[in-house]
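[1] okay, predicted coordinates and the sequence, questions at the end:
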Amino acid sequence: PMNTNRWKLESPVLLVCFVDLLGFGMLIPDLQLRAERLGAPGWLIGVLLASMSIVQVLASPRWGALGDRIGRKPVLVGCTLLSAGGMLAYGLAGSLWLILASRVLSGLGGANVALAQAYLAQTVEEDHRLAVFGRVGAAISAGLPANTPVPEWAVRGSFDPGAVMITALSRCFGSIPNAR
């Protein structure tokens, strides 16, 4: 059985992993349709889709190094805010430039899942790590396809995963300790 204190430590981190992938999965099909409506040719849609991943690959090692220096929690919170901000910005974007800016912002915050894994690896006892990483994998695996039943109105701004991530941050991250 899971210890209550361990669940309090893990649950906000698992929620961020779940919602981050939920939002990512919601945006991918919508981005293509929205960009087409705004007149984007196919190559530009490809650039818009790839921009988040390119920025994430460039930024993530720097976030990891910063987490090594100042601790994982503040960097995890910062990356989650960037990712949430990118999702919120995407929900409000009405031009191709704003879509690109939102994807770049999400890419800058894209290290949050890797940081979440590093945070849990450092804060959970060694004999519980395998189970924790299983729960992280489950949160990620559940988040991505969970957007499938989400109705179109939810993707169009009535529901924004960025707002959910900010709520999770405000509710939960104050209660977890820092880790280096």
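    Right, received. Where do you want to start? Numbers count the residues shown, from 1 in each chain.
[2] so Gly110, which of the three states?
    Secondary structure assignment for Gly110 (DSSP: H, G, I helix; E, B strand; the rest coil): coil.
[3] so where's the longest helix in the chain?
    For the chain, the longest helix by residue count, based on DSSP state H, is helix 4-37.
[4] show me what that one is packed up against.
    In terms of contacts (3 or more C-beta pairs under 8 Å, 6 or more residues apart in numbering; DSSP states H and E), helix 4-37 is packed against helix 42-70, helix 72-92, helix 96-108, helix 112-123, helix 129-143, helix 161-172. In short, each C-beta sits where N, CA and C put it, glycine included.
[5] by mean pLDDT, show me the worst of the ones you listed.
    Lowest mean pLDDT within the helices and strands packed on helix 4-37: helix 161-172, a mean of 58.
[6] at the geometric centre of this structure, which residue do we find?
    Relative to the mean C-alpha position of the chain, the nearest C-alpha, by C-alpha atoms, centre = their mean, is the one of Asp20, at 3.0 Å.
[7] where's that one relative to Arg135, distance?
    Plainly put, Asp20 is 15 Å away from Arg135 if you go by C-beta to C-beta, to the nearest Å.
[8] same thing with Tyr119?
    For Tyr119 relative to Arg135 (C-beta to C-beta), the value is 13 Å.
[9] let me see the mean pLDDT of the longest helix of the chain.
    Computed over helix 4-37, the mean pLDDT rounds to 83.
[10] off-centre distance for it?
    Computed by C-alpha atoms, centre = their mean, to the nearest Å, the chain-centroid distance of helix 4-37 equals 5 Å.
[11] before I go, just wanted to say thanks for your time.
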